[in-house]
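**Student:** predicted model and sequence below, questions to follow.
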Amino acid sequence: MIRFENVSKVYARGARPALDQVSLEVERGEFVFLVGASGSGKSTFIRLVLREERPTSGRIHALGKDLGQISRWKVPHLRRQIGTVFQDFRLLNNKTVFENVAIAPQVIGRPRHHILTTVPEVIEMVGLEGKEKRLPHELSGGEQQRVAIARAMVNRPAVLLADEPTGNLDPTTSIGIMRLLDRINRTGTTIVMATHDDEIVDQMRKRVVELSDGVMVRDQSRGVYGAAR
Ligand SMILES: Nc1ncnc2c1ncn2[C@@H]1O[C@H](COP(=O)(O)OP(=O)(O)OP(=O)(O)O)[C@@H](O)[C@H]1O
């Protein structure tokens, strides 16, 4: 689903690489935690998969495509097959829950009848039924993240990339969000989640890939946040 072959990324000439010779394969249906200290390269990994950045060297395949080969005009098509969730939710503050989720199918030209059936379904899936007309400021942080997850999932992407999705949430709320992501993963969506949240990683026991100064220093199935115990 995602394959990195000797991928390095150097942002500025002479700077140390943000990613350094990373090779990694994420299979369809996997759940992978990307861990590592601040600045270790987690967000760079995610931006490379979205082709928001290009590698300085090495090759990246995502969803069966060599990202170095796809033309610029096909990049939006690639991104549509990848859902994204971020620490800061990124909702439109003047739009309701329903409208925030409906934007994703609207921008790809889905017909009205499709939107009117799929948006309520996905709002229910994330547990926000009855709150469709609320504005983001009328929701808790956990609920806002659920809206962001609904928006990321409404077009049924094959892959969900989550960059610190629990970073702004308290531990109890974070567990609820993780249960939801786990449920989404069990329905077949591949998930890569960058996180600093050691408790969650230890609890979930999924594959853990650790970066340190851009170098992949660990790839462990059913892993924990810290080094192998
Ligand atoms: N656009 C950029 N231009 C220059 N350097 C950058 C850029 N983005 C990231 N970097 C550098 O690349 C390295 C990796 O950054 P990255 O954001 O990928 O780390 P991270 O693991 O996601 O960190 P955090 O957990 O703090 O989000 C850091 O040294 C950072 O300063």
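**Tutor:** Right, received. Where do you want to start?

**Student:** which residues does residue 7 contact?
**Tutor:** Residue 7 makes contact with 19, 21-23, 48, 55, 57-60, according to C-beta atoms under 8 Å, 6 or more residues apart in numbering. Backbone N, C-alpha and C define where each C-beta goes, glycine included.

**Student:** run through the bridge partners of it.
**Tutor:** Here residue 7 sits in beta bridges with residue 22, going by DSSP bridges.

**Student:** residues making contact with the lengthiest helix in the chain?
**Tutor:** Secondary structure of the chain per DSSP state H: the longest helix is helix 171-186. Here helix 171-186 makes contact (C-beta under 8 Å, 6+ apart) with 29, 31, 126-127, 140-142, 145-146, 149, 153, 160, 162, 165-166, 169, 191, 193, 197, 199-200, 203-204.

**Student:** checking residue 54 next. Helix, strand or coil?
**Tutor:** Going by DSSP: H, G, I helix; E, B strand; the rest coil, the secondary structure assigned to residue 54 is coil.

**Student:** pretty sure it is touching residue 68, no?
**Tutor:** Yes: the pair residue 54 and residue 68 qualifies as a contact (C-beta atoms under 8 Å) at a distance of 7.4 Å.

**Student:** tell me where the chain has strands.
**Tutor:** Ranges of strands in the chain, per DSSP state E, are 2-9, 19-26, 31-35, 57-62, 65-66, 82-86, 159-163, 190-194, 207-212, 215-220.

**Student:** next, format those as CSV and append distance to residue 42 and mean pLDDT.
**Tutor:** Putting these into CSV (distance: least, C-beta to C-beta, whole Å; pLDDT from 0 to 100) gives the following:
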stretch, distance to residue 42, mean pLDDT
strand 2-9, 12, 98
strand 19-26, 10, 98
strand 31-35, 5, 97
strand 57-62, 15, 98
strand 65-66, 22, 96
strand 82-86, 12, 96
strand 159-163, 7, 97
strand 190-194, 4, 98
strand 207-212, 6, 96
strand 215-220, 11, 95
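
**Student:** tabulate those strands (TSV), appending distance to the ligand.
**Tutor:** Conversion of the strands of the chain to TSV gives the following (distance: least, C-beta to the nearest ligand atom, whole Å):
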stretch	distance to the ligand
strand 2-9	8
strand 19-26	8
strand 31-35	8
strand 57-62	15
strand 65-66	22
strand 82-86	10
strand 159-163	7
strand 190-194	6
strand 207-212	6
strand 215-220	12
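
**Student:** in CSV, list these along with distance to residue 122.
**Tutor:** Listed next are those as CSV, based on distance: least, C-beta to C-beta, whole Å:
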stretch, distance to residue 122
strand 2-9, 23
strand 19-26, 24
strand 31-35, 20
strand 57-62, 23
strand 65-66, 26
strand 82-86, 11
strand 159-163, 13
strand 190-194, 16
strand 207-212, 26
strand 215-220, 32
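
**Student:** dump the longest helix of the chain to CSV, restricted to CA.
**Tutor:** The C-alpha trace of helix 171-186 is given here as CSV (Å, rounded to 0.1, in the frame of the first residue of the first chain):
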residue,chain,number,x,y,z
PRO,A,171,-6.3,10.7,27.9
THR,A,172,-9.9,9.5,28.2
THR,A,173,-11.0,11.3,25.0
SER,A,174,-7.9,10.0,23.2
ILE,A,175,-8.9,6.4,24.0
GLY,A,176,-12.3,7.0,22.4
ILE,A,177,-10.6,8.3,19.3
MET,A,178,-8.3,5.3,19.2
ARG,A,179,-11.2,2.9,19.5
LEU,A,180,-12.7,4.7,16.5
LEU,A,181,-9.5,4.5,14.5
ASP,A,182,-9.2,0.8,15.4
ARG,A,183,-12.7,0.1,14.2
ILE,A,184,-12.0,1.9,10.9
ASN,A,185,-8.8,-0.1,10.5
ARG,A,186,-10.8,-3.4,11.1
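
**Student:** with that, I have no additional questions.
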